[in-house]
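> Could you look at this predicted model? Sequence included:
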Amino acid sequence: MDANGNKINPADAEVNPAGFTIHSAIHLGGPNAHVIMHTHTVSGMAVAAMEEGLLPLNQISMQFYNRVAYHDYEGISLDLDERERLVASLGDKKCLILRNHGLLTVGETVAEAFYYMYYLNKASEIQVNVLNSNAKPIIPSPEICEHTAKQFHGPFLQGNKEFQLVWEANRRLLDRVDSSYIDI
């Protein structure tokens, strides 16, 4: 596809128009957004429908503290004019929660985009479970949440080593479950 949604090779498969709008927006607007992952997991969509968004309920979710962007729902993303607003919503962040829709992550590599999606979805799963328990959640102070986020985004994730470790571990798991996938 080119940037206007035209097939480069007429024999190529059809493309989801809403998916094209979202992905093309981020590719065109983010010079380091080489890889974009967008999911509609049950937990991700549940958190996307919560007014408070992602809560800092645990160590996993605290890595996203003040580091997740939000984009308000505008309907099915069929209008190309939404692309500018998607890019503006994402800003310089790696994670975007599309309100009433799902999760989106970006990265310079597949490993980076996957890392953020894997843990953003895990944080969403944990949040749904905590809120379903009807117990009053413990939310650490903003200072502790920010400190934890800085720990994650400091030496812990520098050099992409952690991204690669998570990616390789999940690839090994996939190989054990079903090694018939195509490695691209």
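Cool, the structure landed.
> okay, and the helix or strand of this structure with the least pLDDT?
Lowest by mean pLDDT, DSSP states H and E among the helices and strands of the chain is helix 161-177, with a mean of 76.
> Please point out which parts of that helix sit buried.
162-163, 166-167 (16 or more other C-beta atoms under 10 Å). For glycine as for every other residue, the C-beta is placed from the backbone atoms N, C-alpha and C.
> What of stretch 117-137?
Buried, per 16+ other C-beta under 10 Å, within stretch 117-137: 117-121, 123-128, 130-131.
> What of stretch 77-92?
77, 82-83, 86-87, 89-90.
> just to revisit the earlier point, tabulate the buried residues of helix 161-177 in TSV, adding columns for distance to residue 29.
Output for the buried residues of helix 161-177, formatted as TSV (distance: C-beta to C-beta, whole Å):
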residue	distance to residue 29
162	26
163	22
166	26
167	25
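> Closest one of the residues you listed to residue 42?
residue 166 (21.6 Å; C-beta to C-beta).
> Please name the residues that touch the closest residue to the closest one other than its chain neighbours.
Computed as C-beta to C-beta, 6 or more residues apart in numbering, the closest residue to residue 166 that is not its neighbour in sequence is residue 115, at 4.9 Å. Residues in contact with residue 115 (C-beta atoms under 8 Å, 6 or more residues apart in numbering) are 107, 162-163, 166-167.
> May I have the secondary structure class of residue 115?
helix (DSSP: H, G, I helix; E, B strand; the rest coil).
> thinking again about what came up before, how much distance is there from the least confident helix or strand of the chain to the middle of the chain?
18 Å (C-alpha atoms, centre = their mean, to the nearest Å).
> I'm done for today, thanks for sticking with me.
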